[in-house]
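Novice: here is a sequence together with a model predicted from it:
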Amino acid sequence: MPDFVGAVDQGTTSTRFMIFDHGGNEVARHQLEHEQILPKPGWVEHNPTEIWERTRSVIETALNKANLRAGDLAALGITNQRETTVVWNRRTGRPYCNAIVWQDTRTDRIASALERDGRGEVIRRKAGLPPATYFSGGKLQWILENVEGVREDAEKGEAIFGTTDSWLLWHLTGGVDGGVHATDPTNASRTMLMNLETLSWDEELLSFFDIPRSMLPEIRPSSNPDTFGVTRANGPLGGEVPLTGDLGDQQAATVGQVCFRPGEAKNTYGTGNFLLLNTGHELVRSKAGLLTTLCYQFGNDKPVYALEGSIAVTGSAVQWLRDQLGIISGASQSEALAREVEDNGGIYFVPAFSGLFAPYWRSDARGAIVGLTRATTNAHLARATLEAICYQSRDVVEAMEADSGVTLDVLRVDGGVTANELCMQLQADVLGVPVSKPVVAETTALGAAYAAGLATGFWASTEELERNWNEDKRWQPSWTEEQRTKGYAGWKKAVGRTLDWVDVD
């Protein structure tokens with residue numbers, strides 16, 4: 001058997017390809033950013049063709065860096081930004097429009113209408129999700145209603161839908177020449193269209209959005225011994241590699257953190273933050289503002305479920321300091337700037353750029369910086385930005401404890417923001433529990449590789465994967481309980497100032 005497994009990690013701001021060995025160690029990677037298209041306030045788009053071109057490039061470059069060929073890969077996995085919606089023509093391969101990104105809020109009226117007339121309760125019961133702009137169903141409805149030719153082509157079976165995993169999978173397995181149109185239950189569970197109990201598209205839910213079933217990809221297990229297909233010789237891998245793993249990015253990170261037992265949780269720090277708690281085969285319905293979602297399905301095994309707290313803006317708030325305000329030149333500079341002050345100087349930054357996700361689910365909220373005085377500096381704002389990441393995570397942890405009864409004794413963390421030592425220390429301080437980072441911090445790609453490798457026998461069992469996990473660093477809380485209580489009270493007060501800022505019909 002070949003010695004390596006590859007993983008495409010198609011994220012919100014960039015695409016990377018990583019290669020791992022049998023010990024779960026990184027062998028090579030390459031990463032490229034893609035354009036963030038912001039045509040109107042609240043609208044966020046990506047160019048699907050650019051994403052596919054970036055994917056081809058990162059695969060080819062990473063293989064060249066490691067002096068490897070397609071034949072050296074035992075399997076290929078895909079993980080992806082979830083909910084981001086792509087519609088393309090299966091005959092020409094061309095997208096009908098830009099992808100509508102998960103952060104986009106143009107579907108707020110669709111979500112509000114679902115909530116008003118009672119359909120929202122059916123969606124919660126069947127799909128585990130509240131009606132929200134976050135999810136794919138409303139975005140697909142918007143495209144069908146507003147992009148010329150899509151409805152007509154959908155009725156003819158030519159216009160097809162997918163999240164970015166489906167878009168890339170289709171291209172990697174042949175595109176217009178027999179490409180496979182498929183997804184997995186973790187991505188399908190983020191559409192408001194899949195029944196959590198049956199793991200199949202639900203006719204009643206489809207009717208709520210007036211979506212033709214023929215547009216939808218086939219749902220296959222996340223780790224699939226029967227494969228999602230094989231890569232074509234004319235693609236970036238240059239040969240036939242079994243494509244056997246597909247997971248939404250946050251579920252992939254949960255697998256990469258080897259959270260295979262009920263009660264185990266991880267928090268991924270990327271463009272947004274996503275905290276998942278494994279609930280095993282039990283489908284736990286949240287009463288505290290969390291999402292009930294698929295954690296993974298391996299082969300023909302029973303599906304494993306999770307509770308998830310999704311936070312829209314965390315790492316992207318640091319990018320905002322760089323790109324929109326220009327007070328830092330790179331993400332790493334945020335730590336040095338924030339260290340220039342001992343505290344936030346009394347200011348709080350609530351980055352509700354596209355509303356608030358878990359546990360509030362308020363699309364009427366917008367970002368706010370409160371508590372400003374003449375003494376406020378860029379350093380205070382940088383520190384408040386890092387604290388916002390941590391306070392939003394505490395909101396989710398408290399909701400998770402209320403729903404599950406599980407009290408965290410340690411938080412496993414991963415993602416790009418974990419490189420910020422101050423932010424991780426603040427997270428331990430705000431939560432009052434230790435924070436633990438693994439040696440391989442990019443667990444999203446690792447989880448996709450694990451899912452692919454398990455399907456082919458490259459790894460024999462989840463127990464073998466657990467033995468691969470090693471801690472790199474642990475941060476212990478240093479704040480007093482009084483500091484923690486006072487700081488969180490200020491945060492909750494600041495959140496209240498962001499609500500009812502825009503009118504939602």
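Specialist: Thanks, I have it.

Novice: the top helix by length along the chain packs against which elements?
Specialist: Longest helix in the chain by number of residues (criterion: DSSP state H): helix 378-404. The contact analysis (3 or more C-beta pairs under 8 Å, 6 or more residues apart in numbering; DSSP states H and E) places helix 378-404 against strand 265-269, strand 273-280, strand 304-311, helix 315-320, helix 333-338, strand 348-350, helix 421-431, helix 481-498. C-beta: built from backbone N, CA, C; applies to glycine.

Novice: export the third one as CSV, just CAs?
Specialist: Spelled out, that is strand 304-311. In CSV, the C-alpha atoms belonging to strand 304-311 read as follows (Å, rounded to 0.1, in the frame of the first residue of the first chain):
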residue,chain,number,x,y,z
VAL,A,304,-22.6,9.8,15.2
TYR,A,305,-24.3,13.1,16.1
ALA,A,306,-23.1,16.3,17.7
LEU,A,307,-24.2,19.5,19.3
GLU,A,308,-22.5,22.5,17.6
GLY,A,309,-22.1,26.1,18.5
SER,A,310,-21.3,28.1,15.4
ILE,A,311,-19.8,31.6,15.6
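
Novice: now what about that strand, what contacts it?
Specialist: Around strand 304-311, the neighbours that count as contacts under C-beta atoms under 8 Å, 6 or more residues apart in numbering are 134, 196, 250-251, 254, 260, 272-284, 286, 290-297, 357-359, 392-393, 395-397, 399-400, 403-404.

Novice: looking at the helices and strands packed on helix 378-404, which is nearest to Phe161?
Specialist: strand 304-311 (21.1 Å; C-beta to C-beta).

Novice: mind listing what the closest one pairs with, with the direction of each?
Specialist: strand 273-280 (antiparallel), strand 291-296 (antiparallel) (DSSP bridges).

Novice: now the contacts of strand 304-311: which count as buried?
Specialist: With burial judged by 16 or more other C-beta atoms under 10 Å, the buried subset of these is 134, 196, 250-251, 254, 260, 272-280, 284, 286, 290-297, 357-359, 392-393, 395-397, 399-400, 403-404.

Novice: relative to Gly272, how far out is Gln297?
Specialist: For Gln297, the distance to Gly272 equals 24 Å [C-beta to C-beta, to the nearest Å].

Novice: dump the residue contacts of Gly299.
Specialist: Each residue near Gly299 by C-beta under 8 Å, 6+ apart is listed here: 221, 223-225, 455.

Novice: check what pLDDT Asp505 gets.
Specialist: Looking at Asp505, its pLDDT stands at 60.

Novice: for Glu240, same thing?
Specialist: pLDDT, Glu240: 84.

Novice: tell me what the closest residue to it other than its chain neighbours is bridged to.
Specialist: Spatial nearest neighbour of Glu240, excluding adjacent residues (C-beta to C-beta, 6 or more residues apart in numbering): Val230 at 4.5 Å. Bridge pairing for Val230 (DSSP bridges) gives the partners Pro242.

Novice: hang on, Val230 packs against Leu243?
Specialist: Yes. Shown here, Val230 and Leu243 form a contact pair, counting by C-beta atoms under 8 Å, at 6.5 Å.

Novice: overlap of the contact sets of these two?
Specialist: Between them, Val230 and Leu243 share the contacting residues Thr173, judged by C-beta under 8 Å, 6+ apart.

Novice: so between the two, which is more surrounded?
Specialist: Of the pair Val230 and Leu243, Leu243 is the one with more neighbours under other C-beta atoms under 10 Å, namely 27 against 19.

Novice: now do the more buried one against Ser436, distance only.
Specialist: For Leu243, the distance to Ser436 - C-beta to C-beta - is 32 Å.

Novice: quick one on the thing from earlier: closest one to Ser207 among the strands paired with strand 304-311?
Specialist: That would be strand 291-296 among the strands paired with strand 304-311, by C-beta to C-beta, at 21.6 Å.

Novice: which SS state does the most far-flung residue of the chain relative to its centre fall under?
Specialist: Distance from the centre of the chain peaks at Arg374, with 38.1 Å (C-alpha atoms, centre = their mean). Following DSSP: H, G, I helix; E, B strand; the rest coil, Arg374 is assigned to coil.

Novice: helices of the stretch 151-300 of the chain, residue ranges please.
Specialist: Counting by DSSP state H, counting those that start in this stretch, residue ranges of the helices within the stretch 151-300 of the chain are 164-172, 185-188, 203-209, 249-256.

Novice: need the winner for burial among those.
Specialist: helix 249-256 (a mean of 31; mean count of other C-beta atoms under 10 Å).

Novice: any chance of the strands paired with strand 304-311 in TSV, with distance to Arg213 too?
Specialist: Converted to TSV, those look like this (distance: least, C-beta to C-beta, whole Å):
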stretch	distance to Arg213
strand 273-280	29
strand 291-296	20
